[in-house]
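> sharing a model prediction with you, sequence too.
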Amino acid sequence: MNVAIIGTGYVGLTTGVCLSWLGHKVTCLDTDAGKIEMLQDGRAPIYEPFLVELMAEARPNLRFSTSYAEAIPGADVIFIAVGTPPSPQGPPDLRYLCSAAKAIGEHFDSGYAVVVNKSTVPIGSGNWVGSLVREAYENAHHRKASDNFSVASNPEFLREGTALHDTLYPDRVVIGSDTNRSLEILYTLYRPILDQDFAPPTFLPRPEDVAAVPLVSADLASAELIKYAANAFLALKISYINEIGHLAEKVGADIAQVARGMGLDARIGTRFLQAGIGWGGSCFGKDTLALVSTAAEYAVEMPIVEAARVVNKRQRDRVVEKLLSELKILKGRTIGLLGLAFKPNTDDLREAPALDIAHNLVQRGCRVKVHDPVALDRFRRENTDLDVVCCADPGDVAEDADALVLVTEWQEYREIDWAAMAGRMRSRILFDGRNVLDRTKLEQLGYRYLALGA
Ligand SMILES: NC(=O)c1ccc[n+]([C@@H]2O[C@H](COP(=O)([O-])OP(=O)(O)OC[C@H]3O[C@@H](n4cnc5c(N)ncnc54)[C@H](O)[C@@H]3O)[C@@H](O)[C@H]2O)c1
């Protein structure tokens, strides 16, 4: 099929690369000319494992453009995957979605296309996008757009860091549509993934337990709500274990043991029960906020989701509070942060806990040193206002540090030579913000080990 993808960020690019690798003819479009230039050059503007490799294999079916006139005419399926960041008032800022929808309508020529919202959008946006596309089409072509478009919702569930894996082997594909025609077209598009009948890339083998992938077909509003409800549930699972972790600290329990004992109950499950600094990233914060504000429009309160947000924010503050109680005075101290990205295997810094923690420490007069295996350059570019020392090597973060905080659980930090790190520190205080290090070993090396929930 001919596919156009609007927005080549973490979602659009991953979708475009995977669909073209599966044999569809894909044009990825972005208004950011710098990104498109890099992509045309075979380079990726984001860090995502195996993206460059899969993109090289997909290349014959994949092109990149900044031109709607090039991408839209002739497309059978047009994905909208632009950003929907939170606005200062709370609900998502839909200006990118609006301008993409208008440009699609303006540039569509003839035939039939399904316009698919892959961006996470407030409930009701499908209908809104449909009317924007039609109106722009009618203004540009001076004829009715009666049978040219349908609109569908296809929420995205990929996790950054395993985005390609999640796209090729998803737990489910959700399609919201109000017409059979668009459902059939998207079914055909996703068929190789649903049937799992493609030969996997050598570097992304198919997990043994993946056979066929379930398709969930729903109406537009339900598909849009599925995305928010799923993200909010995952967010509150993390906040729940963090709330229990807070109590565990007070009563002398170990949250890792508690989480294991809880998670092995099949009704609960072990995933997203890792206590620590809490969630970050572009989705959970924004989507929980959007859910609460959509509900407010209908005079519905969502106290559980709101509480999940409060607990998550508190975790970041608790890191600084615990350092304060350990060091007594923070002013003039040197604190090292290991990890900036909101989670391992990505360079995404949106709503990363490291940023809040660094700001808080700097405000309290600390000298803050930071390191990240892949996100350091992005951090330098995006945070010019934050007065911290960027270190190319984690050992340099340890130099003269009064305390180190493991903020992002990169594999590299799990395997670090902690004895050598200790030798460079002023005092051996290690805050394991993700509860992933071996406390006993670290204590044997003379570290004072701190964590959330233990
Ligand atoms: N990142 C994730 O893990 C994830 C997961 C699931 C869903 N989502 C949702 O998917 C959407 C995209 O997220 P992302 O992380 O890929 O965003 P992103 O910011 O990485 O990428 C968005 C891209 O859209 C481009 N863009 C903006 N306006 C445009 C326009 N009018 N025409 C063409 N391109 C335009 C931007 O230049 C940017 O490259 C959001 O709604 C997000 O909530 C993201």
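That came through fine.
> name the residue of this protein that lies nearest to the ligand.
residue 9 (1.8 Å; CB to the nearest ligand atom). Glycine gets a C-beta too; all of them are placed from N, C-alpha and C.
> packing partners for the helix ranked longest in the chain?
Scanning the chain for the longest helix, with DSSP state H as the assignment, gives helix 220-251. Applying 3 or more CB pairs under 8 Å, 6 or more residues apart in numbering; DSSP states H and E, we find helix 220-251 packed against helix 125-141, strand 149-153, strand 173-177, strand 215-218, helix 255-263, helix 284-297, helix 303-327.
> mind redoing it with 6 Å?
strand 149-153, strand 173-177, helix 255-263, helix 284-297, helix 303-327 (3 or more CB pairs under 6 Å, 6 or more residues apart in numbering; DSSP states H and E).
> what's the angle from that helix to helix 303-327?
Put simply, helix 220-251 runs at 30 degrees to helix 303-327, going by axes from the mean of the first three to the mean of the last three CA atoms, to 10 degrees.
> now do helix 220-251 and strand 173-177, the angle between them.
Calculated by the same axes, to 10 degrees, helix 220-251 forms an angle of 140 degrees with strand 173-177.
> so is helix 220-251 next to the ligand?
No: using CB under 6 Å from any ligand atom, helix 220-251 stays clear of the ligand, coming no nearer than 7.3 Å.
> list the buried residues for that helix?
220-221, 223-228, 230-232, 234-246, 248-249 (16 or more other CB atoms under 10 Å).
> now render the helices and strands packed on helix 220-251 as TSV, adding mean neighbour count.
Output for these, formatted as TSV (neighbours: other CB atoms under 10 Å):
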stretch	mean neighbour count
strand 149-153	25
strand 173-177	23
helix 255-263	17
helix 284-297	20
helix 303-327	17
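> of all those, which lies closest to residue 137?
Across the helices and strands packed on helix 220-251, residue 137 has its closest neighbour in strand 149-153 (7.4 Å, CB to CB).
> just the angle for that closest one relative to helix 220-251, thanks.
20 degrees.
> could you identify the helix or strand that succeeds strand 149-153?
helix 163-168 (DSSP states H and E).
> now do that following helix: everything it contacts.
With contact meaning CB atoms under 6 Å, 6 or more residues apart in numbering, helix 163-168 is reached by 14, 18, 48, 50, 54, 158-159, 204.
> pick out the most distant pair among the residues you listed.
The span of the contacts of helix 163-168, defined through CB to CB, is set by 54 and 159 at 16.3 Å.
> so which of those two has more stuff around it?
The residue with more neighbours, out of residue 54 and residue 159, is residue 54; 23 against 15, by other CB atoms under 10 Å.
> output the contacting helices and strands for the helix or strand containing that one.
Secondary structure from DSSP H and E places residue 54 in helix 51-58. Contacts defined by 3+ CB pairs under 6 Å, 6+ apart place helix 51-58 against helix 10-21.
> packing partners for the helix it packs on?
strand 2-6, strand 25-29, helix 51-58, helix 163-168.
> that one to helix 51-58, inter-axis angle?
Orientation check (the same axes, to 10 degrees): helix 10-21 against helix 51-58 gives 30 degrees.
> buried ones in stretch 108-127?
Applying 16+ other CB under 10 Å to stretch 108-127 flags 108, 113-123, 125-126 as buried.
> okay, those in JSON lines with secondary structure next?
Below are those laid out as JSON lines (DSSP: H, G, I helix; E, B strand; the rest coil):
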{"residue": "108", "secondary structure": "coil"}
{"residue": "113", "secondary structure": "strand"}
{"residue": "114", "secondary structure": "strand"}
{"residue": "115", "secondary structure": "strand"}
{"residue": "116", "secondary structure": "strand"}
{"residue": "117", "secondary structure": "strand"}
{"residue": "118", "secondary structure": "coil"}
{"residue": "119", "secondary structure": "coil"}
{"residue": "120", "secondary structure": "coil"}
{"residue": "121", "secondary structure": "coil"}
{"residue": "122", "secondary structure": "coil"}
{"residue": "123", "secondary structure": "coil"}
{"residue": "125", "secondary structure": "helix"}
{"residue": "126", "secondary structure": "helix"}
